[in-house]
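*Asks:* have a look; sequence and predicted model below, questions after that.
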Amino acid sequence: MSLEQRINEDIKAAMIAKDTTRLRGLRAIKAAILLANTEKGQSEGVSPDTEIKVLQKLVKQRKESAEIYKNQNREDLYQIEVDEQNIIEEYLPKQLDRSAVEDIIKEIINNTGASSIKDMGKVMSAANQKLAGQADGRTISELVKTLLG
């Protein structure tokens, strides 16, 4: 079952259960996937890699918005963003912890022969491919800088 079909089924279940919070998060995912379909001009749907990128983008947007609302003492809006973020994260692959990401990056550095910060682009490219959907770009970037620096 594709992500799009899964989302449609979950939307129906949320409507029946009258779960407005979950429904709002699921509709955000559906809208983003539909937008990705029209941007790519694809009739058969987006690839699983693109779906993961779309979901990661949605999570990142929710985190940024939640942080802004928290700084402005808007607890009501903050909670909405956090709830939606949690729902969207359910559809992402399980995130690796920092130490596991660090181990994978060390392995990539050894395999690519990277020795200085000048090789960061090469390491980042390989790390982003290997860790797609399992770690956010900021964490990967921080660890690569630390390990090469």
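*Replies:* Looks like it came in fine.
*Asks:* domain ranges for this structure?
*Replies:* With domains defined by automatic domain parsing, the chain comprises 3-89, 98-148.
*Asks:* for the closest residue to M124 other than its chain neighbours, list the residues it contacts.
*Replies:* In this structure, M124 finds its nearest non-sequential neighbour in V144, 5.8 Å apart by Cβ to Cβ, 6 or more residues apart in numbering. (Each C-beta comes from the backbone N, C-alpha and C, glycine too.) If you count contacts by Cβ atoms under 8 Å, 6 or more residues apart in numbering, V144 has them with I105, I109, M120, V123, M124, A127.
*Asks:* can you pull out the low-pLDDT segments for the protein?
*Replies:* Scanning the chain for pLDDT under 70 picks out the ranges 40-44.
*Asks:* mind checking the SS state of the residue most central in space within it?
*Replies:* Among the residues of the chain, the one closest to the centroid is Q56, at 1.8 Å (Cα atoms, centre = their mean). Classification of Q56 by DSSP: H, G, I helix; E, B strand; the rest coil places it in helix.
*Asks:* surely it meets D136?
*Replies:* Yes. With contacts counted by Cβ atoms under 8 Å, Q56 reaches D136, the gap being 7.0 Å.
*Asks:* picking that back up, let's see the helix or strand encompassing the residue nearest to M124 as PDB, backbone CA atoms only.
*Replies:* Element membership for V144, per DSSP states H and E: helix 137-148. Output of helix 137-148 as PDB, limited to C-alpha atoms (Å, rounded to 0.1, in the frame of the first residue of the first chain):
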ATOM      1  CA  GLY A 137      20.100  17.300   7.700                       C
ATOM      2  CA  ARG A 138      21.100  19.600  10.600                       C
ATOM      3  CA  THR A 139      22.300  16.700  12.700                       C
ATOM      4  CA  ILE A 140      24.200  15.100   9.800                       C
ATOM      5  CA  SER A 141      25.900  18.400   9.000                       C
ATOM      6  CA  GLU A 142      26.900  19.100  12.600                       C
ATOM      7  CA  LEU A 143      28.400  15.600  13.000                       C
ATOM      8  CA  VAL A 144      30.300  15.800   9.700                       C
ATOM      9  CA  LYS A 145      31.800  19.200  10.700                       C
ATOM     10  CA  THR A 146      32.800  17.900  14.100                       C
ATOM     11  CA  LEU A 147      34.400  14.700  12.700                       C
ATOM     12  CA  LEU A 148      36.200  16.400   9.800                       C
END
